[in-house]
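In: Next comes the sequence, and after it the predicted model I'd like to discuss.
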Amino acid sequence: MSTTTQVSVPTSPRATSRPRTLESVHGGGELHWVGDGFRVHTLVPSGGLRQERTSPFLLLDYHPPHDYPALAKGQRGVGWHPHRGFATVTLAFEGHVAHRDNAGHSGVIGPGDVQWMTAASGILHEEYHEHDFSRRGGTFHMLQLWVNLPREHKMSAPGYQPLTKEQIPVVPVQGGGEASEHSRVRIIAGSYGDAKGPARTFTPISMLDVKVRAGEDFNLSLPSNHNALVLVANGRVTVDAERIRSGELAVFANDGETLSLRADEDTHFIVLAGEPIREPIAHTGPFVMNNHRELIQAIDDFESGAFGGIPE
């Protein structure tokens, strides 16, 4: 898998940098089921939110905290299905997810872990609540992203990055003192200060898992051409005098180099930023390509078995 040069993300803005304004807020709406195990809000795409404002992120499904009862047998989730042309990224806050694909990868992610699966030329996979979690039941809280791949890498070999919480660097929030359970930055992709995230990406991407205390400011310098989104997983922040609540997604304009917000209460949020992929998009179901001909080829390849078979 190719690796891009990761964008340096200073912990504090330069004196001459301009703050980004809040462009839009998305949230609410009806929850819907993905399979029988994932009860989500789809925040990207959202009504009125154009794809060029979220690129390279194609989809963001947010699963708010939900209590699942114990099962005597079986597991909730999504059975075998294909993907081509992008990567899926799953971040668990609470609960455990088991993954298996037909490229020989399998694993379980729990709170703080990340699974970064690059479908690229084509893969089949399944996702379920992990066996022991299914038996005991409990609270499940997670998000999943679809990250676009540039044209030159859509037909690369599939890849799999299981990132445990121990592999993800944790640093203090700038000006927030020592890193703690209530104030810290975890760098999953990209960088924050001198710390770099372990995720390998095809285009410049930042993915930060941030907690800040009530009354604390968070400032992040980003290239002005990078799109920037913030998902509030718990708590509430203020941006440009507007409050962003738990389960809402803030989209920032590309009119400055500094992303700034203040926590109204102890807050947990995810920063997603990246260089847009300025290429045509054609998509249907689990396939994201650049034109209709490539979509037809993806469907034909899947139906003919070119993605491979389902493991025993």
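Out: Good, I have the coordinates.
In: wait, what's in contact with the residue in the chain sticking out farthest from the centre?
Out: Going by Cα atoms, centre = their mean, the residue of the chain most distant from its centre is residue 72, 31.6 Å out. Residues in contact with residue 72, defined by Cβ atoms under 8 Å, 6 or more residues apart in numbering, are residue 135. Every C-beta, even on glycine, is put in place using the N, C-alpha and C of the backbone.
In: just checking, it is part of a strand?
Out: No. Using DSSP: H, G, I helix; E, B strand; the rest coil, the assignment for residue 72 is coil, not a strand.
In: Distance of it relative to residue 33?
Out: Using Cβ to Cβ, to the nearest Å, we find residue 72 at a distance of 21 Å from residue 33.
In: Check residue 183 too.
Out: For residue 183 relative to residue 33 (Cβ to Cβ), the value is 35 Å.
In: Against residue 221, how distant is the residue nearest the centre of the chain?
Out: Centroid-nearest residue in the chain: residue 145, 3.9 Å away (criterion: Cα atoms, centre = their mean). Per Cβ to Cβ, residue 145 is found 22 Å from residue 221.
In: Between residue 183 and residue 33, point out the one with more neighbours.
Out: Legend: neighbour count by other Cβ atoms under 10 Å for residue 183 and residue 33, higher for residue 183 (20 against 11).
In: Relative to residue 96, how far out is the residue farthest from the centre of the chain?
Out: Using Cβ to Cβ, residue 72 is found at 18 Å from residue 96.
In: same deal with residue 51?
Out: Noted for residue 51: a distance of 32 Å to residue 96, by Cβ to Cβ.
In: ok, these two, which is more surrounded?
Out: Each of residue 51 and residue 96 has its neighbours counted (other Cβ under 10 Å); residue 96 has more, 20 against 17.
In: What pLDDT is listed against the more buried one?
Out: Looking at residue 96, its pLDDT stands at 98.
In: Same check on residue 246?
Out: pLDDT, read off for residue 246, is 98.
In: Run a quick neighbour tally on it.
Out: Other residues lying near residue 246 total 19 when counted by other Cβ under 10 Å.
In: thought it was touching residue 264?
Out: No. Assessed by Cβ atoms under 8 Å, residue 246 is found out of contact with residue 264, at 11.1 Å.
In: Buried residues of stretch 251-267, list them for me.
Out: By neighbour count on 16 or more other Cβ atoms under 10 Å, the buried set for stretch 251-267 is 251-252, 254, 256-263, 266-267.
In: Check stretch 41-58 too.
Out: If you call a residue buried by 16+ other Cβ under 10 Å, then stretch 41-58 has these buried ones: 41-46, 49, 51, 53-58.
In: so how many other residues sit close to residue 207?
Out: 25.
In: next one: residue 243
Out: 12.
In: ditto for residue 84
Out: Counted with other Cβ under 10 Å, residue 84 comes out at 25.
In: Ok, the one 5 residues further on next?
Out: Other residues near residue 89 come to 26 when the count uses other Cβ under 10 Å.
In: elements contacting the longest helix belonging to the chain?
Out: In the chain, with assignment by DSSP state H, the single longest helix is helix 292-304. In terms of contacts (3 or more Cβ pairs under 8 Å, 6 or more residues apart in numbering; DSSP states H and E), helix 292-304 is packed against strand 282-284, strand 287-289.
In: got any ranges where the chain has weak pLDDT?
Out: Along the chain, segments meeting pLDDT under 70 span 1-16.
In: give me the beta-bridge partners of residue 236?
Out: Judged by DSSP bridges, the bridge partners of residue 236 are residue 245.
In: Which strands border the helix or strand that residue 81 is a member of, and is each parallel or antiparallel?
Out: Residue 81 belongs to strand 77-83 when assigned by DSSP states H and E. Here strand 77-83 is paired, per DSSP bridges, with strand 123-129 (antiparallel).
In: Give me the contact list for the strand it pairs with.
Out: When contacts are defined by Cβ under 8 Å, 6+ apart, strand 123-129 is touched by residues 35, 37-38, 68, 75-84, 90, 95-103, 117, 134, 140, 158, 307-308, 310.
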